[in-house]
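Q: Sequence first, predicted coordinates after that:
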Amino acid sequence: MISVKTGCSLRRRKNQRAARLIAICLVGAGIASVLAAGSGAAAAAARPASSRLPASDWPAYLGGPRHNSYNASQTTITPANAGTLVRKWRFKTGSPYLASPTIAARSVFIGSARGWFYKLNETTGKVAAKVYIGREPALSCPAMGVTSTATVAFNARHVLTVYVAGGNGYLYALRASNLKVEWRSAVGIPSTKVNNYYNWSSPTVGHGKVFIGVASECDRPLVRGGVIAFNETTGAKIAQFFTVPAGAKNAGGSVWSSVGIGPNGDVYATTGNGPAARPRLDRSESILKLDPTTLKVLGAYKVPAAEVTSDGDFGASPIFFGSYVGACNKNGIFYALNQSNMKLAWSQRVANAAGADGQCLATPAFDGTNLFLGAQSSTIGTTTYPGSVQERVASTGALTWSTPLTSGVLGSPSLDGGGLLVAGTFASTTAGIYLIDSATGAIVRKLIGGKTFGQSVFASNWLFTANSNGVTAWALPAAN
């Protein structure tokens, strides 16, 4: 989860594992606990220590508002011992799961395809509480429950709160202790005749606000996309930004992804396509920098017209690495921008074009030096594979290694401080969750089968996964 520069060196050593372990000194500096509080660094630092979650937790989608998908404090599970991981428990009620597990306060929080949101005991998997937060029926699109991944954070009153978007168009604030509804606010209420609005986006907490994207379910029909900011304690709407002008013919620019908060506190969002004849309409197919108070556009980068493909969304959330912000587009290209001016620093193709089942939807993990990406159809050498995982140098995008997979990666990979990379694959009968040595790209083990979209997460010296086979906790044999 760490991307802030400190006096600790994060340069690559000949012994790469040693280099990764150096990153752990950041935890001692307190930076990990600041980011884990679920808000921007400045906002988190202002909260008392009693209102911060420990670094061993995974309290939000992609690890936190920087979206680094890296828990440097978790060094117990490594490529050397990952082959011995054993299943501690599995929770299958409500399967399948498209949301990712959130780990905080010795609990696992996750929403299911059936519309129920659960709080599970971290060590046993037993249900501690549950609440129904909605499910869309199949009308013009497939039926959908809860896809949004929860964020757990202390609100301004120092109450530990779970923020999650329901399958019914509302954003919820739930008391973490018992999942009592503190407030709910409308993001976009679905029609009863067609599947228009749907909460794909996972909430991001910072600046005393909850930020969330506005999107359609499957473009049938498109809706007017945007970002909304709500008061974290009361649920009152504070600001709203629209990606396209008003009017039914202008619908599009959905924010399927989750908002990120940069090191200087600015808010970043990625957007989807505009109407069929105008895919780049206004702020569509863009990476945006927004003012955290007003959501006014401070800077933007739009996919070049020559690189636009059919259904070419930014489905991936923005990630911050060094002085850059970046995201992968469904055209298969990852774009890295300078945060200061939103100008292109570099771009690299990581997957084939969308028309060839190429899509790149995953946000990479970042260990302080390198990016670890997952993609669908990928050409390695002269051979095309259904999917791949890759390591690239963050400063240039240069490829370090690429490992082919028999199924495509849709959900985001994650990384621990022990050097283990986890990537889930979605399509085909070979789909499942792969454990990979981040230093070499070697596959250590296929942990479990099943279609996997949700991110696997490292917390409390365990690994937690969620897919079509349920929510599962894994640990080394000797771990309690």
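A: On my side now, so go ahead.
Q: Can you show me the strands along the stretch 301-450 of the chain?
A: Counting by DSSP state E, counting those that start in this stretch, one finds strands in the stretch 301-450 of the chain at the ranges 319-321, 324-328, 333-338, 344-349, 365-366, 370-375, 378-380, 383-385, 387-393, 399-405, 414-416, 420-424, 432-437, 443-449.
Q: For the first one, name the packing helices and strands.
A: Identification of packing neighbours for strand 319-321 by 3 or more CB pairs under 8 Å, 6 or more residues apart in numbering; DSSP states H and E yields strand 324-328, strand 365-366. Any C-beta I mention is one placed from the backbone N, CA and C, and that applies to glycine too.
Q: Show me what the first one is packed up against.
A: Meaning strand 324-328. The contact analysis (3+ CB pairs under 8 Å, 6+ apart) places strand 324-328 against strand 286-290, strand 319-321, strand 333-338, strand 370-375.
Q: Go ahead and flag the most central residue of the protein.
A: With distances taken as CA atoms, centre = their mean, residue 62 lies nearest the centre of the chain, 3.8 Å away.
Q: Report the secondary structure state of that residue.
A: Look at residue 62: counting by DSSP: H, G, I helix; E, B strand; the rest coil, its state is helix.
Q: what about it, distance to residue 252?
A: Here the distance between residue 62 and residue 252 works out to 25 Å (CB to CB, to the nearest Å).
Q: Check residue 281 too.
A: Plainly put, residue 281 is 6 Å away from residue 252 if you go by CB to CB.
Q: Look at the two and report which has more neighbours.
A: In terms of neighbours (other CB atoms under 10 Å), residue 252 is the more surrounded of residue 281 and residue 252; the figures are 29 against 19.
Q: what sits against residue 461?
A: Residues in contact with residue 461, defined by CB atoms under 8 Å, 6 or more residues apart in numbering, are 56, 74, 76, 77, 475, 476, 479.
Q: Kindly check the end-to-end length of stretch 110-127 for me.
A: 11 Å (CA to CA, to the nearest Å).
Q: list the buried ones in that stretch?
A: Buried residues in stretch 110-127, defined by neighbour count with 16 or more other CB atoms under 10 Å: 110-120, 122-123, 125.
Q: just the residues you listed now: which is nearest residue 399?
A: Of all the buried residues of stretch 110-127, the one with the least separation from residue 399 (CB to CB) is residue 110, at 33.9 Å.
Q: I figured the closest one hits residue 118, correct?
A: Yes - checked against CB atoms under 8 Å, the pair residue 110 and residue 118 is within contact range at 5.8 Å.
Q: hang on, residue 114 packs against residue 135?
A: Yes - applying CB under 8 Å as the test, residue 114 and residue 135 come out as touching, 6.4 Å apart.
Q: which residues are common contacts for the two?
A: residue 145.
Q: do you know how far the closest residue to residue 92 other than its chain neighbours is from residue 94?
A: Sequence neighbours aside, residue 470 is the residue nearest to residue 92 in space, at 3.7 Å (criterion: CB to CB, 6 or more residues apart in numbering). Applying CB to CB, the value for residue 470 to residue 94 is 8 Å.
Q: Check residue 165 too.
A: 16 Å.
Q: and these two? which has more neighbours close in?
A: A side-by-side neighbour count of residue 165 and residue 94, using other CB under 10 Å, places residue 165 first with 30 against 20.
Q: Wait, that one touches residue 212, no?
A: Yes - here residue 165 reaches residue 212: they are 6.1 Å apart, a contact under CB under 8 Å.
Q: Need the overlap of contacts for those two.
A: Common neighbours of residue 165 and residue 212 (criterion: CB under 8 Å, 6+ apart): 171, 187, 199, 201, 202, 203.
Q: Tell me the span between the first and last residue of stretch 250-261.
A: Length of stretch 250-261, first residue to last, CA to CA: 28 Å.
Q: Counting neighbours, which bits of it end up buried?
A: By neighbour count, and taking 16+ other CB under 10 Å as the criterion, the buried residues in stretch 250-261 are 250, 251, 252, 253, 254, 255, 256, 257, 258, 259, 260, 261.
Q: now do stretch 382-393
A: Under 16+ other CB under 10 Å, the buried positions of stretch 382-393 are 385, 386, 387, 388, 389, 390, 391, 392.
Q: between those, which is nearest residue 160?
A: Checking the buried residues of stretch 382-393 one by one against residue 160 (CB to CB), the nearest turns out to be residue 389, at 34.4 Å.
Q: my read: that closest one touches residue 436, true?
A: Yes - Residue 389 sits in contact with residue 436 when judged by CB under 8 Å, with a separation of 6.0 Å.
Q: Now do the shared contacts for those two.
A: When contacts are counted by CB under 8 Å, 6+ apart, the set common to residue 389 and residue 436 consists of 403, 421, 423.
Q: Read off the pLDDT value for the residue lying closest to the first one once chain neighbours are set aside.
A: In other words, residue 403. Setting aside the residues directly before and after it, residue 403 is nearest to residue 441 in space (CB to CB, 6+ apart), at 4.2 Å. As predicted, residue 441 sits at a pLDDT of 98.
Q: Check the one 4 residues further on too.
A: Predicted confidence (pLDDT) for residue 445: 97.
Q: What is the burial count for residue 144?
A: Residue 144: 22 surrounding residues under other CB under 10 Å.
Q: for residue 420, same thing?
A: Based on other CB under 10 Å, the number of other residues close to residue 420 is 27.
Q: repeat for residue 63
A: 28.
Q: I figured it hits residue 416, correct?
A: No - here residue 63 lies out of contact with residue 416, judged by CB under 8 Å, at a distance of 10.7 Å.
Q: residues shared between the contacts of the two?
A: Both residue 63 and residue 416 are contacted by 70, 71, under the criterion CB under 8 Å, 6+ apart.
Q: just to revisit the earlier point, name the residues contacting each of residue 281 and residue 252.
A: 244, 274, 275.
Q: Show only the entries of the residues you listed found in strands.
A: With strands defined by DSSP state E, no entry of these lies inside them.
Q: Dump those residues to JSON lines, plus distance to residue 463 and neighbour count.
A: What follows is the shared contacts of residue 281 and residue 252, written out as JSON lines (distance: CB to CB, whole Å; neighbours: other CB atoms under 10 Å):
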{"residue": "244", "distance to residue 463": "40", "neighbour count": "24"}
{"residue": "274", "distance to residue 463": "39", "neighbour count": "23"}
{"residue": "275", "distance to residue 463": "42", "neighbour count": "17"}
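Q: would CSV of these with distance to residue 350 and pLDDT be doable?
A: Shown next, in CSV, are these (distance: CB to CB, whole Å; pLDDT from 0 to 100):
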residue, distance to residue 350, pLDDT
244, 28, 98
274, 24, 96
275, 27, 94
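Q: could those residues go into CSV alongside distance to residue 67?
A: Output for those, formatted as CSV (distance: CB to CB, whole Å):
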residue, distance to residue 67
244, 24
274, 24
275, 28
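Q: Tell me, what's the model's pLDDT at the residue nearest to residue 342 when sequence neighbours are not counted?
A: Counting by CB to CB, 6+ apart, the nearest residue to residue 342 once its immediate chain neighbours are dropped is residue 299, at 3.5 Å. For residue 299, the model assigns a pLDDT of 98.
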